[in-house]
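Engineer: could you work out the structure for the sequence below:
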Amino acid sequence: MGKISESNVSDSLREVRMALLDADVNFKVAKQFIEDVKEKAIGQKVIQSIHPGQQVIKIINDALVELLGSTHASLEIDPKPSSIMMVGLHGAGKTTSSGKLAKWLTKQGRKPMLVAADVYRPAAMDQLETLGKQLEIPTLVCRGEKDVLVIAQKAQSHAAEQGCDVLIYDTAGRLQIDEVLVEELVQLKNKISPQEILLVLDAATGQEAVNVASHFDEALSISGSILTKLDGDARGGAALSMKSVTQKPIKFAGAGEKLEDFEPFHPERMATRILGMGDVVSLVEKAAENVDIDEAKKLEEKMRKGEFTLDDFLDQLRQMKRMGPLESIVKMLPGGSDMIGGADLSKQEKEFRRMEAMICAMTPQERQRPQILNGRRRQRIANGSGVRVAELNNLLQRFGQMQKMMRKMGKMQKMMGKMGGKMAGKMANRLGGGLRLPR
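Structural biologist: Below you'll find the model as predicted:
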């Protein structure tokens, strides 16, 4: 059993330093992290059969998880009426995150109320009101009122009347932090005494994440943060920068525009993402949420029998859509970002949408029996879905090839099953003197 030496650790740390900088971790934070890991790694005993470089990567991953918070940090709110302040720069996603958090709290059995506390942007009020209606959650919007303390007073009275037990304040933001904004937020904090002050931070903030986080924390003493827009190109380096500077936990992550694209933050998953190792666990969870297991089994049986129809194909397209953008799904796979390269997967998504439109333009009978699609019917479907007949012909040709391939696979499985049964019987007779295998 050997030990990790400085020569063992250098190459691995060089690659990790590049991975951290590629993920937009603040360069000072990256430098300090590498130094801490190096100090921790050198001298450690290497487990037999494990290469020193592999053990260094494990040490790095464990250190990242520890720095990001080790475990999920839950919201610290009381059973009685509580207040949450959502703060952050303009464009970070505060309003959308307020709606997502309200939906998440509803699932936890709470009764939230949304409060429009951004008195400078009427569009933010409109957006919050729309989200409230969509979620069927009480929302307080005081158009024309410029004093956030008056709004806070009305919100507390309104919440008592509605029986709401969590008030979520969507506060104002700026393109950069200024004294007027900070003073207003401090006054609101003193007025409502929030249990949580959550900094909403765009995952693509990059190097600037340190300054943003430290300014808000110094002014308000934030209790945690929400990392948004993780469905884009950002690898989440802002998370490491923010946590390193404030020592406050990241509590939630937003990975899309839909209200469902919101989940508790998992440090171990973010660590693998920052290092460019994908996030298979989140991918499996997304699939579990959007794919009906019973339906999947029925579909598998139909595919085996060669009974796969255009209706089934349409269901598959829609399930894939519910899982989110194709690019974000591929990036959850280890090496997914490298696999994509500079490819524009939005073109593939457009093709999926066109396929869906073509199938939706068919009658139920045509979906079950595409062989009845003559020239006149094909022209009608093409006109109804806004495509050329050639595109429809291409879809039907590919679907026909898929059906043939499934039938062949089904026949092969049956044949293999029969052959396997006969061979197993002969083997049992030879080994067990006529012993029959149970069926």
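Engineer: what about residue 366, neighbour count?
Structural biologist: 18 (other CB atoms under 10 Å). (C-beta placed from N, C-alpha, C; glycine too.)
Engineer: contacting residues around it?
Structural biologist: Residue 366 is in contact with 310, 372-373, 377, 381, counting by CB atoms under 8 Å, 6 or more residues apart in numbering.
Engineer: one more time with 7 Å, if that's ok
Structural biologist: Residues near residue 366 by CB atoms under 7 Å, 6 or more residues apart in numbering: 372-373, 377.
Engineer: in which helix or strand does it reside?
Structural biologist: Assigned by DSSP states H and E, residue 366 falls within helix 364-368.
Engineer: now the helices for the stretch 251-400 of the chain?
Structural biologist: In the stretch 251-400 of the chain, the segments counted as helices under DSSP state H, counting those that start in this stretch are 267-274, 280-290, 293-305, 310-322, 326-331, 336-340, 346-360, 364-368, 375-385, 389-432.
Engineer: now the stretch 51-200 of the chain, which segments are flagged as low pLDDT?
Structural biologist: 51-57, 70-71 (pLDDT under 70).
Engineer: report the distance from the helix holding residue 366 to the chain centre.
Structural biologist: Chain-centre distance of helix 364-368: 35 Å, with CA atoms, centre = their mean, to the nearest Å.
Engineer: any idea how far residue 370 is from residue 98?
Structural biologist: 47 Å (CB to CB, to the nearest Å).
Engineer: now do the spatially most central residue of the chain, the pLDDT please.
Structural biologist: The residue lying closest to the centre of the chain (CA atoms, centre = their mean) is residue 255, at 3.8 Å. On pLDDT, residue 255 comes in at 78.
Engineer: do the same with the one 4 residues further on
Structural biologist: Residue 259 is assigned a predicted lDDT (pLDDT) of 89.
Engineer: could you do residue 387 as well?
Structural biologist: 90.
Engineer: my guess is it meets residue 359, correct?
Structural biologist: No. Residue 387 lies out of contact with residue 359 (CB atoms under 7 Å); the separation is 11.4 Å.
Engineer: those two: which has the busier surroundings?
Structural biologist: Shown here are residue 387 and residue 359; by other CB under 10 Å, residue 359 has more neighbours (22 against 18).
Engineer: so what's the more buried one up against?
Structural biologist: 310, 313-314, 367.
Engineer: please name every helix or strand in contact with the one helix or strand residue 85 maps to.
Structural biologist: Assessed by DSSP H and E, residue 85 sits inside strand 82-87. Secondary-structure packing of strand 82-87 (3 or more CB pairs under 7 Å, 6 or more residues apart in numbering; DSSP states H and E): helix 94-107, strand 166-171, helix 179-192, strand 196-202.
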